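*Asks:* I would like to see how this sequence folds:
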Amino acid sequence: MTRILIKNTCILSMDPAVGDFDDADILIEGDRIVAVGPNLQADSAEIIDGKGRIVIPGLVNAHIHTWEFQLRGIGSDWVGSRDYHANMHKNLATKYGVRDVYLGNLLGSLNQLRNGTTTVVDWCHILRDAEMTDVAIDGLEESGIRAVFARGTVKPPERPGEVPYH
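*Replies:* Numbering: from 1, shown residues only. Model (predicted):
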């Protein structure tokens, strides 16, 4: 079993039973934290110097459209939901294929993990069929993130005389 000892780090546990520490250690065995406190010892553990770092519990992103990862940064000049719906749902989303959804969910989830988010609620509203749904879930699972998959429906372009989806 892999053992890792993070030494000399600031710990904000958010758990009154564990407490917070200005300078303490964390012992991890496998995928579990087994000890937290000052001056821990662990034979044959990989040592990581945590000096100058803060360890906190993982963060939760309770509303993300992970499939949109490839499109992040666009739309800074869009005006509210009018432009979002017109540009995202009526245009860009209609060009997404199965592989695009998979990559969006995989890369978007990895990006969340890289930045400290360990759990997401993925509001996935681009799904046109079962294959897209399956690969969206595959991307989340393969990233290793904890996720609630909230399946939405695709937002098709409006047609004259039909009630708009929104």
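*Asks:* from residue 78, how far out is residue 68?
*Replies:* Here the distance between residue 68 and residue 78 works out to 13 Å (CB to CB, to the nearest Å). Just so you know, the C-beta spots here come from the backbone N, C-alpha and C atoms, and that holds for glycine as well.
*Asks:* my error: substitute residue 154 in the last question.
*Replies:* Per CB to CB, residue 154 is found 20 Å from residue 78.
*Asks:* residue 100 too?
*Replies:* 20 Å.
*Asks:* what of residue 137?
*Replies:* 29 Å.
*Asks:* between these two, which is the more surrounded one?
*Replies:* More crowded of residue 137 and residue 78, by other CB atoms under 10 Å: residue 137, with 17 against 14.
*Asks:* where along this structure do the strands fall?
*Replies:* Remark: strands assigned in the chain by DSSP state E are 3-12, 20-29, 32-37, 46-49, 54-55, 59-64, 117-124, 146-151.
*Asks:* what is the second one packed up against?
*Replies:* On a contact count with 3 or more CB pairs under 8 Å, 6 or more residues apart in numbering; DSSP states H and E, strand 20-29 meets strand 3-12, strand 32-37.
*Asks:* next one: the first one to chain centre, how far?
*Replies:* The chain centre lies 23 Å from the centre of strand 3-12; the measure is CA atoms, centre = their mean, to the nearest Å.
*Asks:* strands paired with it, and their directions?
*Replies:* Partners of strand 3-12 in the sheet, by DSSP bridges, are strand 20-29 (antiparallel), strand 46-49 (parallel), strand 54-55 (parallel).
*Asks:* and the contacts of that strand?
*Replies:* With CB atoms under 8 Å, 6 or more residues apart in numbering as the test, strand 3-12 has contacts from 18, 20-29, 36, 40, 42, 44-51, 53-56.
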